[in-house]
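Asker: I would like to see how this sequence folds:
(chains A and B)
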Protein chains: 2
Amino acid sequence: MSAGTRSVILLSGGLDSATVLAAARAAGHDCYALTVNYGQRHAAEIAAARALATRHGALEHRLASVDLGQFGGSALTDPSLAVPETASSGIPVTYVPARNTVMLALALAWAEVLEAAEIHIGANAIDYSGYPDCRPPFIAAFNALATQATRAGLEGRAPVVVAPLMQLGKADIVRLGVSLGVDYGMTVSCYQADAAGAACGLCDACRLRAQGFAEAGLADPTRYRSRPR
Amino acid sequence: MSAGTRSVILLSGGLDSATVLAAARAAGHDCYALTVNYGQRHAAEIAAARALATRHGALEHRLASVDLGQFGGSALTDPSLAVPETASSGIPVTYVPARNTVMLALALAWAEVLEAAEIHIGANAIDYSGYPDCRPPFIAAFNALATQATRAGLEGRAPVVVAPLMQLGKADIVRLGVSLGVDYGMTVSCYQADAAGAACGLCDACRLRAQGFAEAGLADPTRYRSRPR
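Answerer: Sure thing, here's the model as predicted:
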């Protein structure tokens, strides 16, 4: 990252992507925030993303909508599948097939038009849910694709996907964000947040988030409906 | 390809993808047709895709909509950019940034839920417009990505993208399709088709198509507004 770099920031409205936006701005990037509504249950995230884009100085904020829910296969998009409220092993039912591939493809489209140098995504592989598309080999494979998929790539200037949080635990992410002025009370991580953004306190995303604040020794500003255990 | 294979077919409603669907059905595949409305001007293609899916025995036909037009950068999605009506060199202004990446990502999402073995796309690199995302290295890079991006990939059964027309010229594609019973009068290739699907006869897509029929020595059933030169 260097000052003046033009970057597309995938901004879900959650804790991780808010931190990514704040870090890119702190490094002097010109930030173009992209929120993808893929039919997730937690639509409160979209309102959060809009507020975060404004607070953290994104030059533009775009919303792209695509209905991954029509394909089913995930508790985040299919109301007939329950979001688990206890820890599980393996890839959980909240995995959305090809979600990060779709989101990065949309970011790539905008990045190519903007002639952006980078695409930032909040994927991390430490305190995470085990999704295949949050791991370093996925990011590397997408970068290889971008060099072949685009005019920019053939001209040797494909946008590069950067995942600045990849090797950070949740406590480190929270510490970083607080140091950069992120108000985590504005962010929504919960897989089943209500319309006002209040968190269930029970799902995987709530558990990882609450553990992060606890480990960092920082106050957790999240509005939980049930206190996370 | 083998009989009984479950395959997602990207079906634009144009000449190439109609041929791909017919070939997959002829090989005995169970076909799931996916049409992506990405904000292209030529919406008549979508109606054509629906009719072709029915005629050629797709088990299901889904439409996924995503607004790539909001990012601009292409004459296919931006009404302020003219579609060229003379041949040009290099990647033309009808190139839609990251279009095939977005379409394959959506196909990958559905394919993973269906546990499909293959994804078929009508990309070809012989009589084509020079788009970067119609070349063999792009398909190979997407396949490498699919193995890392999905649960199916981590379990060693990622859907494989197949581009059966990649090395065929337009005349060969037309001959193949006619032998398989494709009614090309139902397909729409033109970049500026009118609402009834009538073709301009002037754009790159019309020129390549008309040359294909001429070289194959077959009658061209396309309804042209201007006779292609």
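Asker: does chain B sit close to the lengthiest helix in chain A?
Answerer: If you go by DSSP state H, chain A has its longest helix at helix A:99-114. Yes - against chain B, helix A:99-114 shows contacts by Cβ under 8 Å from any Cβ of the partner chain at A:R99, A:N100, A:T101, A:V102, A:L104, A:A105, A:L106, A:L108, A:A109, A:W110, A:E112, A:V113. For the C-beta atoms, the positions are set from N, CA and C on the backbone; glycine is no exception.
Asker: by neighbour count, which of those residues wins?
Answerer: A:L104 (32 neighbours; other Cβ atoms under 10 Å in any protein chain shown).
Asker: thought that one was touching A:I121?
Answerer: Yes - checked against Cβ atoms under 8 Å, the pair A:L104 and A:I121 is within contact range at 6.7 Å.
Asker: need the residues touching each of these two.
Answerer: A:L10, A:V161 (Cβ atoms under 8 Å, 6 or more residues apart in numbering or on different chains).
Asker: just put the residues of helix A:99-114 next to chain B in CSV and tack on pLDDT.
Answerer: Below are those laid out as CSV (pLDDT from 0 to 100):
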residue, pLDDT
A:R99, 96
A:N100, 97
A:T101, 98
A:V102, 98
A:L104, 98
A:A105, 98
A:L106, 98
A:L108, 98
A:A109, 97
A:W110, 98
A:E112, 96
A:V113, 96
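Asker: closest to B:G4 among the residues you listed?
Answerer: Checking the residues of helix A:99-114 next to chain B against B:G4 with Cβ to Cβ, the nearest one is A:T101 at 26.9 Å.
Asker: in contact with the closest one, which residues?
Answerer: Per Cβ under 8 Å, 6+ apart, neighbours of A:T101: A:D133, A:F142, B:A105, B:L108, B:A109, B:L145, B:A149, B:T150.
Asker: switch to 6 Å and redo it
Answerer: Counting by Cβ atoms under 6 Å, 6 or more residues apart in numbering or on different chains, A:T101 makes contact with B:A105, B:A149.
Asker: for A:L108, same thing?
Answerer: A:A146, B:A98.
Asker: let's see 10 Å
Answerer: By Cβ atoms under 10 Å, 6 or more residues apart in numbering or on different chains, the contact list for A:L108 reads A:8, A:116, A:119, A:142, A:145-146, A:149-150, A:152-153, A:158-159, A:161, B:71, B:97-98, B:101-102, B:105.
Asker: among those, which ones are in strands?
Answerer: A:V8, A:I119, A:V161 (DSSP state E).
Asker: what pairs with the second one across the strands?
Answerer: The residues paired with A:I119 through beta bridges, assigned by DSSP bridges, are A:V8, A:V161.
Asker: wait, it sits on A:V162?
Answerer: Yes - using Cβ atoms under 10 Å, A:I119 makes contact with A:V162 at a distance of 7.0 Å.
Asker: more neighbours, the two?
Answerer: Using other Cβ under 10 Å, the more surrounded residue of A:I119 and A:V162 is A:I119, with 28 against 20.
Asker: for the more buried one, what are its contacts?
Answerer: Shown in contact with A:I119 (Cβ under 10 Å, 6+ apart): A:7-10, A:32, A:34, A:103-104, A:106-108, A:110-111, A:139, A:142-143, A:146, A:158-163.
Asker: what's the answer for A:G130, then?
Answerer: Per Cβ under 10 Å, 6+ apart, neighbours of A:G130: A:S88, A:S89, A:G90, A:I91, A:P92, A:T94, A:Y95, A:D204, B:R151, B:L154.
Asker: now do the SS call for the second one.
Answerer: Under the three-state scheme (DSSP: H, G, I helix; E, B strand; the rest coil), A:S89 adopts coil.
Asker: neighbours around it, how many?
Answerer: Neighbours around A:S89, by other Cβ under 10 Å: 6.
Asker: the third one now?
Answerer: Neighbour count of A:G90, defined by other Cβ under 10 Å: 8.
Asker: same question for the first one.
Answerer: For A:S88, the count of nearby residues is 12 (other Cβ under 10 Å).
Asker: does it touch A:A75 like I think?
Answerer: No - counting by Cβ under 10 Å, A:S88 does not reach A:A75; the two are 11.3 Å apart.
Asker: what is in contact with these two at once?
Answerer: Here A:S88 and A:A75 share the contacting residues A:T94, scored by Cβ under 10 Å, 6+ apart.
Asker: shouldn't A:A171 be within a helix?
Answerer: Yes - going by three-state DSSP, the assignment for A:A171 places it inside a helix.
Asker: tell me the contacts of it?
Answerer: Counting by Cβ under 10 Å, 6+ apart, A:A171 touches A:I126, A:D127, A:Q211, A:G212, A:F213, A:A214, A:E215, A:A216, A:G217, A:L218.
Asker: quick one: contacts for the second one?
Answerer: Yep, that's A:D127 we're talking about. A:D127 touches A:L168, A:G169, A:K170, A:A171, A:D172, A:I173, A:R207, A:L208, A:R209, A:Q211, A:G212, A:E215, counting by Cβ under 10 Å, 6+ apart.
Asker: what's near enough to touch the closest residue to the fifth one other than its chain neighbours?
Answerer: Translated: A:D172. In space, not counting the residues next to it along the chain, A:D172 is nearest to A:A216; the distance is 7.7 Å by Cβ to Cβ, 6 or more residues apart in numbering or on different chains. Applying Cβ under 10 Å, 6+ apart, we find A:A216 in contact with A:G169, A:K170, A:A171, A:D172, A:I173, A:V174, A:R175, A:L176, A:G177, A:V178.
Asker: buried ones among these?
Answerer: A:G169, A:K170, A:A171, A:D172, A:I173, A:V174, A:R175, A:L176, A:G177, A:V178 (16 or more other Cβ atoms under 10 Å in any protein chain shown).
Asker: ok, the fifth one - contacts?
Answerer: When the contact criterion is Cβ under 10 Å, 6+ apart, the partners of A:I173 are A:15-16, A:18-20, A:23, A:122, A:124, A:126-127, A:164-165, A:182, A:184, A:209, A:212, A:216.
Asker: then the last one?
Answerer: Under the criterion of Cβ under 10 Å, 6+ apart, the contact list for A:V178 reads A:T19, A:A22, A:Y184, A:F213, A:A216, A:L218, A:A219.
Asker: element containing it?
Answerer: Assigned by DSSP states H and E, A:V178 falls within helix A:170-179.
Asker: state the mean pLDDT of that helix.
Answerer: Averaged over helix A:170-179, pLDDT sits at 97.
Asker: do stretch A:4-20 as well
Answerer: On average, stretch A:4-20 scores 96.
Asker: quick one: the longest strand seen in chain A to helix A:99-114, angle?
Answerer: The single longest strand within chain A, with elements called by DSSP E, is strand A:30-37. Strand A:30-37 runs at 140 degrees relative to helix A:99-114, counting by axes from the mean of the first three to the mean of the last three Cα atoms, to 10 degrees.
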